[in-house]
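J.: no FASTA, just this:
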C-alpha cells in the first residue's frame, strides 16, 4: 500500500516527470531527448491511472506523446545504422559540424545546396538582401567595402551569417576566388527542419555566433584574415 501511495502522490510523480522533461529539452542529442521524453511520459501513467477514477483523457494524451517520441526514436535508431557522406558532406562535417554525430548531421545536409564559383564571381552584393547561410568548403572569398579589400575568408568560415540571422542587408561585396566550392542553406528551405526539430535552429544560431566571435577576435588582434561584414 505504501508503494501505491508513493506512486499516486501528485507531487512526487509530477516532480519526477517534469524534471525529466526539462532535462530532455536541455539536451542537444536527439537520441537522449527522445528517450528521456518517453520515460517522462511513461512515469505519469501510475498517477493518472491510480486515482479514484482513472483519468482516461490524460492517459490518452500521455500515450500519444509517448508514441510520437517512440516512433521518432525508432526512426532515429534506424538512421544511425549507416551514415555515408559524399565528398562535400565529409569536408563540411570535418570543417564545421564535427561536434555532432554523423547521423545528427544527415538532416542538415539534406537541405544543403552545393556550388562551385569562377574567379572574381560575385557572391553577395553590398546593400542587397540575403536569405542564405554559406559555408566555404574550398578556396576563398574576398570581402570588399567601398572597393577596398577588408578581409579574406577561407575554408570552414561562414559567409552571410549576420544577414541570414537578422534579415538585414549585406554590408559589403563578397567575391569568390578561383576554385571556390561552397555549401549553402536557404532560410525558407530550412524552415520545415527548424519547425520539426527546434534544436537544429538553436544549433545553427550557435554556429553563426561562434563564427562571428572568431571574426571579432581576429579583428581585435589586428589580423585581416577575417572580418564581420554581412
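T.: Nice, thanks for sending it over. Predicted, not measured: the structure shown is a model, and the values here were computed from it.
J.: which residues in the protein form helices?
T.: Listed in chain order, the helices of the chain (DSSP state H) span 2-7, 10-26, 30-43, 45-49, 56-80, 87-92, 102-110, 161-166, 187-196, 198-220.
J.: could the ones you listed go into TSV alongside mean neighbour count?
T.: All C-beta spots, glycine's among them, are computed from the backbone N, C-alpha and C. TSV is the format used below for the helices of the chain (neighbours: other CB atoms under 10 Å):
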stretch	mean neighbour count
helix 2-7	10
helix 10-26	14
helix 30-43	19
helix 45-49	18
helix 56-80	14
helix 87-92	17
helix 102-110	18
helix 161-166	19
helix 187-196	14
helix 198-220	15
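J.: those: lowest mean pLDDT?
T.: Across the helices of the chain, helix 2-7 has the smallest mean pLDDT, namely a mean of 50.
J.: what sits against the residue nearest to residue 85 when sequence neighbours are not counted?
T.: Spatial nearest neighbour of residue 85, chain neighbours left out: residue 93 (6.1 Å); criterion: CB to CB, 6 or more residues apart in numbering. By CB atoms under 8 Å, 6 or more residues apart in numbering, the contact set of residue 93 is 85, 102, 105.
J.: at 10 Å instead, please
T.: The contact partners of residue 93, by CB atoms under 10 Å, 6 or more residues apart in numbering, come to 83, 85, 100, 102, 105-106, 108-109.
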